[in-house]
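Asker: no FASTA, just this:
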């Protein structure tokens, strides 16, 4: 399986470890990380492929920030790398990010231009080596307030979720990870929250998780055809974040889905860690 899954919230473990996330048994770990002055308003969050690096999109400064975790996927071991990448020349309201399978490409989305932008990293997963590819793709025909972005395991599908349409919109890339080949599939799915902020998938694409701000809740869905949001149905399973935050913004899982992480747009800003298995 592609390493893409391991850092995108599509996550799977090495060798196809079964996905473990079940929101019906989710609980707060009483573990969190409080961001410092390097960050204003956190939104989307992603990991590298082994959980030792974390990346956060901040729409206050329009930057992508890089953090290290000395213990993989453990928020109690997080620290700021003093490394960030400014995307304000492309997007003045950056909301989320995603990587390709080896960390040499990054894609961001924001609600100022309603556009996805593509970047290259000359050193994998190193924000200090990022540069703009001068490649972009507008999603304004489907969503005028995009918050979340994700991809399937091989980079041939892309998903955008936002607070205008309250839908997950699905796109195809005819060349994997090449945004210049993107097109809308005319496929979408209306979600249970009227202010959705992020979307994640299981390793096999049969489960989808949506983070909503209206009800401060993560919702769980089943896809009868993997990674096809047109086949999604609600599991009637959800998990409230209200005991930790009423301003949830970013959602990501660890490699096998046994841990879930949610960013909070509060002062100070925080990311919370949960167990889901």
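Answerer: Yep, that arrived. Quick caveat: nothing in here was measured; it's all calculated off a predicted structure. Numbers count the residues shown, from 1 in each chain.
Asker: which residues of this structure score low on pLDDT?
Answerer: In the predicted model, the chain carries pLDDT under 70 at residues 1-16.
Asker: residue 38 is in contact with residue 80, isn't it?
Answerer: Yes: the pair residue 38 / residue 80 is scored as a contact, 5.6 Å apart, by CB atoms under 8 Å. C-betas here are computed from N, CA, C, even on glycine.
Asker: in the chain, which spans are helices?
Answerer: Secondary structure of the chain (DSSP state H): helices at 5-8.
Asker: show the contacting residues for residue 82.
Answerer: By CB atoms under 8 Å, 6 or more residues apart in numbering, the contact set of residue 82 is residue 38.
Asker: let's go with 6 Å and repeat that
Answerer: With contact set as CB atoms under 6 Å, 6 or more residues apart in numbering, residue 82 has no partners.
Asker: for residue 50, see how far away it is.
Answerer: 21 Å (CB to CB, to the nearest Å).
Asker: distance-wise, check residue 39 relative to residue 190.
Answerer: From residue 39 over to residue 190 (counting by CB to CB), the distance is 32 Å.
Asker: so these two - more neighbours on which side?
Answerer: Per other CB atoms under 10 Å, whichever of residue 39 and residue 190 has more neighbours is residue 39, with 20 against 11.
Asker: find the nearest non-adjacent residue to the more buried one, please.
Answerer: residue 58 (4.8 Å; CB to CB, 6 or more residues apart in numbering).
Asker: beta partners of that neighbour?
Answerer: In this structure, residue 58 bridges to residue 42, residue 63 when assessed by DSSP bridges.
Asker: over to residue 158?
Answerer: residue 151, residue 171.
Asker: can you give me the distance of it to residue 178?
Answerer: 11 Å.
Asker: out of the two, which sits in the busier spot?
Answerer: residue 158 (26 against 16).
Asker: picking up where we left off before, correct me if wrong: the residue nearest to residue 39 contacts residue 36.
Answerer: No: counting by CB atoms under 6 Å, residue 58 stays clear of residue 36, with 11.6 Å between them.
Asker: how about residue 216, phi and psi?
Answerer: phi 50, psi 50 (degrees, to the nearest 10).
Asker: next up, the contacts around it.
Answerer: 241-242, 246, 248.
Asker: what residues are up against the residue lying closest to residue 78 once chain neighbours are set aside?
Answerer: Nearest residue to residue 78 in three dimensions, chain neighbours excluded: residue 33, at 4.3 Å (CB to CB, 6+ apart). Taking CB under 6 Å, 6+ apart, we find residue 33 in contact with 75, 78, 271.
Asker: now, which of these sits nearest residue 147?
Answerer: residue 271 (16.2 Å; CB to CB).
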